[in-house]
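Chemist: Show me the folded form of this:
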Amino acid sequence: MAEQEAPVNGAATHTPAIHITAPSPNTSGTLRHSPLARSSISPPTTAPTTTTTATAAAPEISSAIADAPVRDEPVFASSTGGSANGSICASPSRVLNSPPSVRAAAFATSTPTQPPGTPSTLDSEDKQALTAEDRAALERMLHLFTSAAPRARTDSPSRPSPVEIDDEHIEPEPQQGNMEYKLKLIDPSPTRFQHLVTQMRWRLAEGNGDALYVIGVEDDGYLTGLSKEELEASLKTLEAMAVAAGAAITPLRVRTSVRGAGQVAEVLVRRVPDDQEFIDVRIAAIGSAGAGKSTLLGVLAGGEMDNGHGRARVSLFRHRHEVASGQTSSISREIIGFDSAGAVVNHALPSGHAATAAAICESASKVVSFYDFPGHEKYLKTTLRGFSGHAMDGVALVLNATGGMPASTLTQMELVLGLHLPFFVIVTKIDACTRAALTATLKELTQYLKSPGCKRVPVLINNTDDVCVLNGSSFAKGHMVPIFLISSVTGKNLDLLRQFLNLLTPTQSEELALSLPAYLQINEVFDVHDVGPVVAGTLEQGVIRVGDELQLGPSDTGEYSSVVVRSIHRNRKPYHLIKAGQHASFAVSNVSRAQLRRGQVLLARKLDCTSCTEFEADVMLTSGATPLKCDAQVTVFIGAVRQAACVLAQTARRVRLRFLTRPEHVAVGARVLVHDQRIHGFGRIVAAPAQHSTTSRAAAAAAAEHAAASEVESNESAPETA
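Modeler: You can find the predicted model right below:
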């Protein structure tokens, strides 16, 4: 890679580099977890008064796009001065604004015994010129530099672990979550073993069925390491703990501690499902038209590479015009199953078994459900309905390697950020783009992720270690954004993406909602021959069993009717019951297809059947949106409800609206999206006065039965009292 000469006048030129991940030790990097060194500190290799050479591009980007066809010369950087806005490393303003002695120490030229980029220690005069706070902060910075510098990495250049503080420490063990540190697990006593099993069950519950154990680490994050014999004994104990907790273990990676004294292992613990239960993770696939979303999902689920003309995407299309145009206009769903060992069951079914949804769920312990949303802007309302009506655990942003960030993608990302959903990025079609085009796309993506409206840390996934350290828990926090460079034709990096999907965990806990009365909002209605009307939706709370009597409504007049659940299907497989957080379809009786519509609810008999025509919401406007005016008509999305509404009043952030067509069941605290030619704002329902409140016949009968039983008990106890 050619280097660019500096100007003759002696002023050093800093070439804007696309820095997605932290570089190897021979380049300048960013100490993300240091409280002081948040900016890039790049000591020059020569004196500042002499001419220097500018860095062309980060080695990680070069290695990532090395296989791209060279159709023209790649342009990694311009000759203009200053740092690129998209660079992951900020300018070293904190050092430049320091006293002269601090600048001299931070930018000191490396001695032959020090690796490049290592600042020299402070002398006595410099220490006396600093305050106590500055001296302590600088010493911490120098310690981090000197402790990380001597390490020579022999593996491929990749970023440090997002949980690594330096070469000897990782972040301390979190008190909450599904991550557990253990120094060693060798011959525990029976009492200690039971305590460890109970602890594992709690970690599994925190991760909704998945937990990550790190063996050979202190609770404070110090990488001690174990010998080979100690590590094998600890893994055997961990496997016995998993069996007692009803789980299975899958070793992710084993690495040697920095001092070479021992090994550290990372192990995935996954609960083995009972009664054909499985962990369900819901991911929305968004992106512009032509980005390759449907093709990628077809390749992931089917296991066969695409032919370059969209053959793999045909299985996801639901309408004939989608096949003809090649564009998705509706919401389609594709599932990818993983067993307890992390293998994809879609491709490993026994001979003679088709890869149907029922067969996949039969063998899977975790199912990742991808919802393919349309990318064209004319189908934006369909995308809004999908985000509002489905409880997503995360979002996959799919970008064309040659397309950058189009306007439709920016609109969808505005929706993702407004809903506070974690997301990761998949850059497709890297086999059909030039290096310059891929570099420009990554630069534009990095600039967007680092912009004030997004404030995310992009992380390029290069190898298995990157996938392991950026596990589901780190992704769920939303600060780190993994970036995958994928080809659906050659299959490049598809294995890394599958490993990452295997580590994802649901973001919504189901344990607290199981004890509440059943509540389900209908987001799909259809009629099945010889079965009758069928409704589908995600159960928000409670449990629904076959034979349960529920209340369905509201109708166009705000009334509710009693229905009976005849059968339940989930992923085309019959079930006896459905728990909170699960998506299923229900065949109901005592109702006709004409009485059903999207947005209605199924309620338990204990709940009051209410509906309203007016409601109040606290709405936060999006960038560039103007405040709503009275009598203005907008489209509101509340769960599966999509209806036109009129603005009655607005004060500050609070808006009062009225439905124009029919009353709806609106719960206080529900999320609301306001659309007016564009995404206007996001908010929460704060008040929904019930204009239509009726106590159902079933609820009245239940109250009468309870009153009669109480009267019988009082009559029976009367003689005893006398």
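
Chemist: Buried residues, whichever strand or helix holds residue 408. List them.
Modeler: Assessed by DSSP states H and E, residue 408 sits inside helix 407-418. Of the residues in helix 407-418, 408, 409, 411, 412, 413, 414, 415, 416, 417, 418 count as buried by neighbour count, 16 or more other C-beta atoms under 10 Å. Bear in mind the C-beta positions are built from the backbone N, C-alpha and C, glycine included.

Chemist: Contacts for that helix, please.
Modeler: Residues from elsewhere that reach helix 407-418 (C-beta atoms under 8 Å, 6 or more residues apart in numbering): 286-289, 291, 373, 375-377, 380, 383-384, 387, 395, 397, 399, 423, 448, 453-454, 620, 622-623, 673, 678-679, 682.

Chemist: run the last query once more with 7 Å
Modeler: With contacts defined as C-beta atoms under 7 Å, 6 or more residues apart in numbering, helix 407-418 is touched by 286-288, 375-377, 380, 383, 387, 395, 397, 423, 454, 622, 679, 682.

Chemist: ok, now stretch 240-251?
Modeler: Contact with stretch 240-251 is made by 196-197, 200-201, 204, 238-239, 265, 267-272, 340-342, as judged by C-beta under 7 Å, 6+ apart.

Chemist: Can you say which of these are buried?
Modeler: Buried members of the contacts of stretch 240-251, scored by 16+ other C-beta under 10 Å, are 196-197, 200-201, 204, 238-239, 265, 267-272, 340, 342.

Chemist: Just the residues you listed: which are in strands?
Modeler: Members of the buried ones among the contacts of stretch 240-251 lying in strands (criterion: DSSP state E): 265, 267, 268, 269, 270, 271.

Chemist: quick one: contacts for the second one?
Modeler: When contacts are counted by C-beta under 7 Å, 6+ apart, residue 267 is found next to 213, 215, 238, 249, 250, 251, 252.

Chemist: Of those residues, which pair is most distant in space?
Modeler: Spatial extent of these (C-beta to C-beta) is set by the pair 215 and 250 at 13.5 Å.

Chemist: Settle it for me: which of those two has more neighbours?
Modeler: With neighbours defined as other C-beta atoms under 10 Å, residue 215 and residue 250 compare such that residue 215 has more, 25 against 17.

Chemist: which residues does that one contact?
Modeler: Contacts for residue 215 (C-beta under 7 Å, 6+ apart) come out as 182, 226, 231, 234, 238, 264, 265, 267.

Chemist: What separation do you get for the second one and residue 301?
Modeler: Separation of residue 226 from residue 301 (C-beta to C-beta, to the nearest Å) stands at 39 Å.

Chemist: can you check residue 504 too?
Modeler: Residue 504 is 16 Å from residue 301, where distance means C-beta to C-beta.

Chemist: cool, and residue 337?
Modeler: From residue 337 to residue 301 the distance is 9 Å (C-beta to C-beta).

Chemist: For the stretch 151-300 of the chain, which segments count as strands?
Modeler: In the stretch 151-300 of the chain, strands defined by DSSP state E, counting those that start in this stretch lie at 179-182, 210-215, 247-256, 263-271, 279-286, listed in chain order.

Chemist: Please save the CA atoms from the next helix or strand after the helix holding residue 408 in CSV.
Modeler: The first helix or strand that comes after helix 407-418 along the chain, using DSSP H and E, is strand 423-428. Output of strand 423-428 as CSV, limited to C-alpha atoms (Å, rounded to 0.1, in the frame of the first residue of the first chain):
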residue,chain,number,x,y,z
PHE,A,423,-28.9,-3.8,16.0
PHE,A,424,-26.0,-5.2,14.0
VAL,A,425,-25.0,-4.5,10.4
ILE,A,426,-24.5,-7.0,7.5
VAL,A,427,-22.8,-5.7,4.4
THR,A,428,-23.7,-8.0,1.5
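
Chemist: Might one say that residue 212 is in contact with residue 181?
Modeler: No: using C-beta atoms under 7 Å as the test, residue 212 is too far from residue 181 to be in contact (9.8 Å).

Chemist: Look up how far residue 412 lies from residue 675.
Modeler: Here the distance between residue 675 and residue 412 works out to 13 Å (C-beta to C-beta).

Chemist: Quick check: closest non-adjacent residue to residue 210.
Modeler: Setting aside the residues directly before and after it, residue 210 is nearest to residue 505 in space (C-beta to C-beta, 6 or more residues apart in numbering), at 4.8 Å.

Chemist: quick check, the one you found in a helix?
Modeler: No: judged by DSSP: H, G, I helix; E, B strand; the rest coil, residue 505 forms no part of a helix; its state is coil.

Chemist: In helices only, show me the contacts of helix 407-418.
Modeler: Counting by DSSP state H, the part of these found in helices is 380, 383, 387.

Chemist: ok, now how distant is the closest residue to the second one other than its chain neighbours from residue 384?
Modeler: Nearest non-adjacent residue to residue 383, counting by C-beta to C-beta, 6+ apart: residue 373, 4.7 Å away. When C-beta to C-beta is applied, the distance between residue 373 and residue 384 equals 10 Å.

Chemist: Between these two, point out the one with more neighbours.
Modeler: The residue with more neighbours, out of residue 373 and residue 384, is residue 373; 25 against 19, by other C-beta under 10 Å.

Chemist: and the more buried one, what does it touch?
Modeler: Counting by C-beta under 7 Å, 6+ apart, residue 373 has contacts 284, 285, 286, 331, 383, 386.

Chemist: Do I have it right that the last one meets residue 330?
Modeler: No: no contact is recorded between residue 386 and residue 330 when judged using C-beta under 7 Å, the distance being 9.4 Å.

Chemist: Between those two, which is the more surrounded one?
Modeler: Taking neighbours as other C-beta under 10 Å, residue 386 and residue 330 compare with residue 386 leading, 21 against 15.

Chemist: residue contacts, the more buried one?
Modeler: 284, 331, 371, 373.

Chemist: just residue 281 next, same as before
Modeler: Contact analysis of residue 281 by C-beta under 7 Å, 6+ apart lists 366, 368, 369, 393, 504, 505, 506.

Chemist: tell me which element the third one falls in.
Modeler: Which is residue 369. Using DSSP H and E, residue 369 sits in strand 366-372.

Chemist: who's residue 655 bridged to?
Modeler: Here residue 655 shows beta-bridge partners residue 617, residue 650, assigned using DSSP bridges.

Chemist: Quick check: it touching residue 617?
Modeler: Yes: contact criterion C-beta under 7 Å: residue 655 and residue 617 qualify, at 5.6 Å.
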